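1. next comes the sequence, and after it the predicted model I'd like to discuss.
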Amino acid sequence: MDSTELAQQFTGVFGGQPTIFRAPGRVNLIGEHTDYNDGFVMPSAIGLYTRVAMSPRADRQLLIRSEQFPGHFAFDLDDLPQRAIGDWCDYVLGIAVVLQQTGHLLKGANLLVHGEIPIGGGLSSSAAIEVASALALISLDGEAFPSAEIARLCQRSENTFIGARVGIMDQFVSCLGKAGHALLLDCRSLEFELIPIPDGVRMVVCNTMVKHQHANGSYNRRREECEEGVRIFAKWYPEIRALRDLSIHQLAQHASDVPETIYKRCRHVVEENQRVRDGARCLRAGNLDGFGELMRESHRSLRDLYEVSCRELDLMVEFAEGLPGYYGGRMTGGGFGGSTINLVQTTDAEAFADQISRRYQQAVGIKPAVYICSAADGARAEINGAG
Ligand code: GLA
């Protein structure tokens, strides 16, 4: 559904003309489970969006609706629930709550949400609804809000309101992604560089259509294991504040002094950070073969050291090997299901999509969703209700 259709739907539901804000999903090219370790990531926004249509209200009510999900939600801005209510509207509500907590004066609004990013597909549907909602709510008083601050605010809502201890990557690239570019982000300083992705290549995203139940708990546990790693290594190297500060040499020095699981997690993060830097060099030089090789290494490390892959993701990665025009690929996002990302020559992308779908469906018995993507722009207002 495009903006014009959503605007019509809005008029049917609430009356009047809305302003529409849209925020994209993302894929991560390389740098997985490094963001919450103050490390490096390299995602791109993709052309799948969540849109929030909004019009101001004269009273202090926040009305949240979607034609895709059930529920007519109405909240009083002077008495917002301070905890998630356990429904989809939490992703919008959390933003309102965090905006208030940070001293922002909210105004009443009608909001209608429409999402086209598959939920549980590892493509950041949650970041997209958060960012689009934040743009909508912030727009009401016309105050300028830097994009990086919006990203932080959305991350905070997810951490404190939703209860998922995610890093900054998804929200950041949903705000600041740029068409045709990968975004190399230093998750400590939030400095970033936009690196052009060569025209002749597409990002083919293959959704396994599975999301394993334990995903959220396992994600939070990985974070704890990383924190444990920091505590252990800081005994020998007090300057270490996050795994980002640990060098490959320091890690190797203590291979036999650290519990095996913690060591494996730390090794993944340290080497993955290096792969992101190497990947940036490859991409700047247009060396897609080199970049593809790093993606393969990243997948093996996520599978064997960080242990966040699963059979379906491994098969999807395996099935890409040998297909024409394939440079390399890996699981993308948090893992335990979701999607893989594959770098494929533009001219071969359609055939690649067909063949990998067929192979996966034959082996797993599930039809995957495959998207041939180019990097897209970050969030913005699309239709202005005044106009
Ligand atoms: C999820 C989180 C991100 C990041 C990735 C793993 O997508 O939202 O912050 O940690 O997992 O790289």
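-> The structure has been received and is ready for your questions. Numbers count the residues shown, from 1 in each chain.

2. near the ligand, which residues of the stretch 1-150 of the chain?
-> Applying C-beta under 6 Å from any ligand atom, we find that the stretch 1-150 of the chain lies next to the ligand at E32, H33, D35, Y36. (Each C-beta comes from the backbone N, C-alpha and C, glycine too.)

3. I figured the third one hits V41, correct?
-> Read that as D35. Yes - the pair D35 and V41 passes the contact test of C-beta atoms under 8 Å, sitting 5.2 Å apart.

4. where's the residue lying closest to G122 once chain neighbours are set aside relative to V364, distance?
-> Using C-beta to C-beta, 6 or more residues apart in numbering and skipping the chain neighbours, the partner closest in space to G122 is G338 (2.4 Å). From G338 over to V364 the distance is 14 Å, taken as C-beta to C-beta, to the nearest Å.

5. same deal with Q171?
-> 31 Å.

6. please apply the same query to N207.
-> Applying C-beta to C-beta to N207 and V364 gives a distance of 12 Å.

7. cool, and R330?
-> 18 Å.

8. can you list the strands that the helix or strand hosting the residue nearest to G122 pairs with?
-> Following DSSP states H and E, one finds G338 within strand 337-345. Its sheet considered, strand 337-345 pairs with strand 201-211 (antiparallel), strand 326-332 (antiparallel) by DSSP bridges.

9. CSV please, covering those and showing mean neighbour count.
-> Converted to CSV, the strands paired with strand 337-345 look like this (neighbours: other C-beta atoms under 10 Å):
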stretch, mean neighbour count
strand 201-211, 23
strand 326-332, 26
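
10. just to revisit the earlier point, overlap of the contact sets of D35 and V41?
-> Jointly contacting D35 and V41 under the rule C-beta atoms under 8 Å, 6 or more residues apart in numbering are G167, M169, L185, C187.

11. could I get the residues you listed as a markdown table with secondary structure, distance to E130 and pLDDT?
-> Converted to a markdown table, the shared contacts of D35 and V41 look like this (DSSP: H, G, I helix; E, B strand; the rest coil; distance: C-beta to C-beta, whole Å; pLDDT from 0 to 100):
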| residue | secondary structure | distance to E130 | pLDDT |
| --- | --- | --- | --- |
| G167 | coil | 14 | 97 |
| M169 | helix | 13 | 98 |
| L185 | strand | 17 | 98 |
| C187 | coil | 17 | 98 |
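
12. of the residues you listed, list those near the ligand.
-> G167, M169.

13. which one of the shared contacts of D35 and V41 is nearest D289?
-> Nearest to D289 among those, counting by C-beta to C-beta, is L185 at 24.1 Å.

14. check contacts around that closest one.
-> With C-beta under 8 Å, 6+ apart, L185 has these contacts: D35, F40, V41, M42, P43, I168, M169, F172, V173, E191, F192.

15. work out for me the element Y360 sits within.
-> In this assignment (DSSP H and E), Y360 forms part of helix 349-364.

16. excluding covalently adjacent residues, which one is nearest to the closest residue to the ligand within the stretch 251-387 of the chain?
-> The nearest approach of the stretch 251-387 of the chain to the ligand comes at G334, 3.4 Å away (C-beta to the nearest ligand atom). Of all residues not flanking G334 in the chain, Y219 sits nearest, at 5.3 Å (C-beta to C-beta, 6+ apart).

17. which secondary structure elements does the helix or strand harbouring that neighbour sit against?
-> Taking DSSP H and E as the criterion, Y219 maps to helix 215-236. For helix 215-236, the packing partners by 3 or more C-beta pairs under 8 Å, 6 or more residues apart in numbering; DSSP states H and E come out as helix 248-253, helix 260-284.

18. CA atoms only for the shortest one, dumped as CSV, please.
-> What follows is helix 248-253, C-alpha atoms only, in CSV (Å, rounded to 0.1, in the frame of the first residue of the first chain):
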residue,chain,number,x,y,z
ILE,A,248,43.0,-10.1,18.7
HIS,A,249,46.4,-10.4,20.4
GLN,A,250,44.9,-9.8,23.9
LEU,A,251,42.2,-12.4,23.2
ALA,A,252,44.8,-15.0,22.0
GLN,A,253,46.9,-14.4,25.1
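
19. other SSEs contacting it?
-> Other helices and strands packing on helix 248-253, by 3+ C-beta pairs under 8 Å, 6+ apart, are helix 215-236, helix 260-284.

20. please, where are all the strands along the stretch 101-250 of the chain?
-> 109-115, 181-186, 192-196, 201-211 (DSSP state E, counting those that start in this stretch).

21. of all those strands, which lies closest to E272?
-> strand 181-186 (13.6 Å).

22. what parts of the stretch 201-350 of the chain come near the ligand?
-> So the stretch 201-350 of the chain meets the ligand at G333, G334 (C-beta under 6 Å from any ligand atom).

23. quick one: low-confidence parts of the stretch 201-350 of the chain?
-> For the stretch 201-350 of the chain, no stretch is flagged by pLDDT under 70.

24. can you pull the pLDDT of the closest residue to G177 other than its chain neighbours?
-> In space, and not counting its chain neighbours, G177 is closest to A45: 2.7 Å by C-beta to C-beta, 6+ apart. For A45, the model assigns a pLDDT of 98.

25. I'd guessed A45 sits against P24; true?
-> Yes - if you go by C-beta under 8 Å, A45 and P24 touch, sitting 4.0 Å apart.

26. need the helices and strands packed on helix 215-236 in TSV with mean neighbour count, can you?
-> What follows is those, written out as TSV (neighbours: other C-beta under 10 Å):
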stretch	mean neighbour count
helix 248-253	13
helix 260-284	20
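
27. now for those, which one comes closest to P18?
-> With respect to P18, and counting by C-beta to C-beta, the nearest of the helices and strands packed on helix 215-236 is helix 260-284 at 38.6 Å.

28. next helix or strand past the closest one?
-> Next along the chain after helix 260-284, taking DSSP H and E as the criterion, comes helix 288-304.

29. need the CA coordinates for whichever helix or strand comes after that next one. PDB is fine.
-> Beyond helix 288-304 on the C-terminal side, the first helix or strand identified by DSSP H and E is helix 311-320. Extracted as PDB, the C-alpha positions of helix 311-320 are listed here (Å, rounded to 0.1, in the frame of the first residue of the first chain):
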ATOM      1  CA  ARG A 311      19.500 -25.100  10.200                       C
ATOM      2  CA  GLU A 312      17.200 -23.100   7.900                       C
ATOM      3  CA  LEU A 313      19.700 -20.100   7.700                       C
ATOM      4  CA  ASP A 314      22.600 -22.500   7.200                       C
ATOM      5  CA  LEU A 315      20.800 -24.200   4.300                       C
ATOM      6  CA  MET A 316      19.800 -20.900   2.700                       C
ATOM      7  CA  VAL A 317      23.500 -19.800   2.800                       C
ATOM      8  CA  GLU A 318      24.700 -23.200   1.500                       C
ATOM      9  CA  PHE A 319      22.200 -23.200  -1.400                       C
ATOM     10  CA  ALA A 320      23.600 -19.900  -2.700                       C
END
